[in-house]
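S.K.: Need a 3D model of the sequence below.
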Amino acid sequence: MTPILIATRGSDLALAQANAVLAQCRHGFPDLAFELKIIKTTGDKLQTAAPAAGPAALPDRALFTKELEAALLQGQADLAVHSLKDLPTDLPAGLRLAGVAGDRADARDVLVYRIDNGLVPRMKISDFPPGLTVATGSIRRQTQLLALRPDFVVVPIRGNVPTRLQKLREQPETDATILAVAGLNRLGIRFAKTGLLRRNQASLQLAACIFEPPLMLPCVGQGAIGLEIRDDDQRMSEICGVLNDYPTFQCVAAERSFLHAMGGGCQTPIGAYASTDGSRLHLRAVAHLTKNVQRAEGRSVLSQAVALGEKVAARLRRQPS
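M.R.: Model prediction:
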């Protein structure tokens, strides 16, 4: 039997997500054969380069997806598994987002910091001293963080999650970094009641301060695993239909619609988060395209997710700069 090939990046996080999808596929379709196809992307290669200062030095997240999409278009893979936050809203002709794999993980961001120089576990964002040096490769995180604490110092960083944690532990000139809770959890890193991070029951000697969405809105699609296929692949469409979580898919559809309507990309300081309350969606959004931070929100029924994203974008654009 010819296996169905699932394309994925080779990072620890990407493999954790791809293996979760692989398990879902094998459980839902025991009569079919599935295999992972690991592809190294341009973005992965750039992760090892030393970051230069400034937003222009940050890699476009599309560089983490284009080789996987090329494999789909060339028939070398049947399904591409992405961290949905990395997938641009404009997909190549012939491809489509066919669903999200299961429930969305925790979409919040978290400030991970070393417990030294007076920093202790269970601190709130208002507790940190002025001049805290925070490393992040995200303009969205940087602008929202500085809106909360303009007295912080933000520096660039590259690398996957384990690399960033290692840099934080080994580089005393950096006090903290900002990561996605979902990524930490998928790597088996948990938040102890003490406020410390633990992996395999061992303390990482790092503490966490989680940002609730009103304080820092996450990246569009953060915490969701996207399933991308060829437009004309009916078999994969049916498989993804079984794997797909409809409420989560509508949430991310609203967020991606908002981002598309704003004309934004991955390096634009825009955040959005949609949640469900029964049959209704609530979308909150933030942008820092001018000197002022702009916020907007809206509500709709689940089936109007795309229209809701467009409506919230229009509301935000009408605000004075």
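S.K.: Please enumerate the helices of the chain.
M.R.: Along the chain, counting by DSSP state H, helices occupy 12-28, 42-47, 66-73, 139-148, 161-170, 181-186, 234-243, 246-261, 305-317.
S.K.: looking at those helices, which is closest to R122?
M.R.: Shortest distance between R122 and those, using C-beta to C-beta, is found for helix 181-186: 16.0 Å. C-beta: built from backbone N, CA, C; applies to glycine.
S.K.: follow-up on the earlier one: rank the helices of the chain by pLDDT, which is bottom?
M.R.: Among the helices of the chain, helix 42-47 has the lowest mean pLDDT, at a mean of 60.
S.K.: most neighbours per residue, which of the helices of the chain?
M.R.: helix 246-261 (a mean of 24; mean count of other C-beta atoms under 10 Å).
S.K.: what angle separates it from helix 305-317?
M.R.: In terms of direction (axes from the mean of the first three to the mean of the last three C-alpha atoms, to 10 degrees), helix 246-261 departs from helix 305-317 by 40 degrees.
S.K.: Please state the offset of stretch 93-109 from the chain centre?
M.R.: Stretch 93-109 sits 10 Å away from the centroid of its parent chain (C-alpha atoms, centre = their mean, to the nearest Å).
S.K.: Distance to H282 added to the helices of the chain, as CSV?
M.R.: Output for the helices of the chain, formatted as CSV (distance: least, C-beta to C-beta, whole Å):
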stretch, distance to H282
helix 12-28, 26
helix 42-47, 32
helix 66-73, 31
helix 139-148, 19
helix 161-170, 29
helix 181-186, 20
helix 234-243, 25
helix 246-261, 9
helix 305-317, 9
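S.K.: thinking P218 is in contact with V181, fair?
M.R.: No - with contact defined as C-beta atoms under 8 Å, P218 and V181 do not form a contacting pair (9.1 Å).
S.K.: Run through the residues that contact R186.
M.R.: Shown in contact with R186 (C-beta atoms under 8 Å, 6 or more residues apart in numbering): 13, 16-17, 20, 105.
S.K.: between the residues you listed, which is nearest E238?
M.R.: Minimum distance to E238 across these is 19.8 Å, recorded for A20 (C-beta to C-beta).
S.K.: what sits in contact with each of P218 and V181?
M.R.: In contact with both P218 and V181: 107-109, using C-beta under 8 Å, 6+ apart.
S.K.: how near is the nearest residue to C240 once chain neighbours are set aside to H82?
M.R.: Nearest-residue entry for C240: A98, 3.7 Å, with adjacent residues in sequence omitted and distances by C-beta to C-beta, 6 or more residues apart in numbering. Per C-beta to C-beta, to the nearest Å, A98 is found 12 Å from H82.
S.K.: shared neighbours of those two, anything?
M.R.: Common neighbours of A98 and H82 (C-beta under 8 Å, 6+ apart) are E228.
S.K.: out of these two, which sits in the busier spot?
M.R.: H82 (26 against 23; other C-beta atoms under 10 Å).
S.K.: Mind listing the residues bridging to that one?
M.R.: Under DSSP bridges, the beta-bridge partners of H82 are G226.
S.K.: mind checking which helix or strand of the protein has the lowest mean pLDDT?
M.R.: The weakest-scoring helix or strand in the chain, judged by mean pLDDT, DSSP states H and E, is helix 42-47 (a mean of 60).
S.K.: Tell me where the stretch 51-200 of the chain has strands.
M.R.: Using DSSP state E, counting those that start in this stretch, the strands assigned to the stretch 51-200 of the chain run over residues 79-83, 95-100, 109-114, 133-135, 153-155, 176-180, 189-191, 196-199.
S.K.: what's the fourth one packed up against?
M.R.: Secondary-structure packing of strand 133-135 (3 or more C-beta pairs under 8 Å, 6 or more residues apart in numbering; DSSP states H and E): strand 153-155, helix 161-170, strand 176-180.
S.K.: Let me have these in TSV, extended by distance to S303.
M.R.: TSV is the format used below for those (distance: least, C-beta to C-beta, whole Å):
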stretch	distance to S303
strand 153-155	40
helix 161-170	35
strand 176-180	28
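S.K.: can you pick the most crowded of the shared contacts of P218 and V181?
M.R.: When neighbours are counted by other C-beta under 10 Å, D109 leads those with 29 neighbours.
S.K.: Next, the contact list for the residue positioned nearest the centre of the chain, please.
M.R.: Taking C-alpha atoms, centre = their mean as the criterion, Q222 is the residue nearest the geometric centre of the chain, at 3.3 Å. Q222 makes contact with 84-85, 107, 109, 180, 182, 273, according to C-beta under 8 Å, 6+ apart.
S.K.: Serialize those to a markdown table and add fields for distance to R317.
M.R.: Shown next, in a markdown table, are those (distance: C-beta to C-beta, whole Å):
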| residue | distance to R317 |
| --- | --- |
| L84 | 24 |
| K85 | 23 |
| A107 | 24 |
| D109 | 25 |
| A180 | 27 |
| A182 | 29 |
| Y273 | 19 |
